[in-house]
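Asker: need coordinates for the following:
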Amino acid sequence: QVQLVESGGGLVQAGGSLRLSCVWSGRPFSTYSMGWFRQAPGKEREFVAAISWTGGTTYSTDSVKDRFTISRDNAKNTVYLQMVSLKPEDTAVYYCAGGVLNRLRTGQCDYWGQGTQVTVSS
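Answerer: Presented below is the predicted three-dimensional model:
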């Protein structure tokens, strides 16, 4: 059974940085593309970033381009989301997910983590 466990969330001031991690277990990690999503209070869950199983292809939503970077370490079964220049509007629960790359970007993921809270104060 696949498990995804996120960590690294917390409270940070605007302009600060955080790095989220998501550890995968249960199936060969390197065969799955991975993504990050977020859901703010009262809003729908939205796509943030995705990375192919090789790490050679990445996508991110326009609102986080140049601020967030997705990466992965297949030897550690871990995907990361490095977030810099954080803004109050980045406040949300962040979820990692695994699946097929093109379906990931539309939220059709095979596996989901439980989420980690990120709060950015102004």
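
Asker: contacts only, for Gly115.
Answerer: By CB atoms under 8 Å, 6 or more residues apart in numbering, Gly115 lies in contact with Glu6, Gln39, Val93, Tyr94, Tyr95. Quick note: C-beta positions are derived from backbone N, CA and C, even for glycine.

Asker: hmm, 6 Å instead?
Answerer: Val93, Tyr95 (CB atoms under 6 Å, 6 or more residues apart in numbering).

Asker: ok, now Gly55?
Answerer: Residues in contact with Gly55, defined by CB under 6 Å, 6+ apart, are Arg72.

Asker: next secondary structure element downstream of the lowest-mean-pLDDT helix or strand in the chain?
Answerer: Each helix and strand of the chain was given a mean pLDDT (mean pLDDT, DSSP states H and E); the minimum falls on helix 101-104 at a mean of 92. Per DSSP states H and E, the first helix or strand lying C-terminal to helix 101-104 is strand 111-112.

Asker: neighbouring contacts of that following strand?
Answerer: Outside strand 111-112, the residues that touch it by CB under 6 Å, 6+ apart are Val2, Leu4, Tyr95, Ala97, Gly98.

Asker: partners of it, with directions?
Answerer: Its sheet considered, strand 111-112 pairs with strand 92-99 (antiparallel) by DSSP bridges.

Asker: how about the strand it pairs with as CSV, C-alpha atoms only?
Answerer: Coordinates of each C-alpha in strand 92-99 appear next as CSV, following Å, rounded to 0.1, in the frame of the first residue of the first chain:
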residue,chain,number,x,y,z
ALA,A,92,-3.0,26.7,2.5
VAL,A,93,-2.7,23.0,3.3
TYR,A,94,-0.2,21.6,0.9
TYR,A,95,-0.6,18.0,-0.4
CYS,A,96,1.7,15.8,-2.4
ALA,A,97,0.4,13.3,-4.9
GLY,A,98,1.6,10.7,-7.2
GLY,A,99,0.5,9.4,-10.6
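
Asker: so which elements touch the least confident helix or strand of the chain?
Answerer: Under the contact criterion of 3 or more CB pairs under 6 Å, 6 or more residues apart in numbering; DSSP states H and E, the helices and strands touching helix 101-104 comprise strand 33-39.
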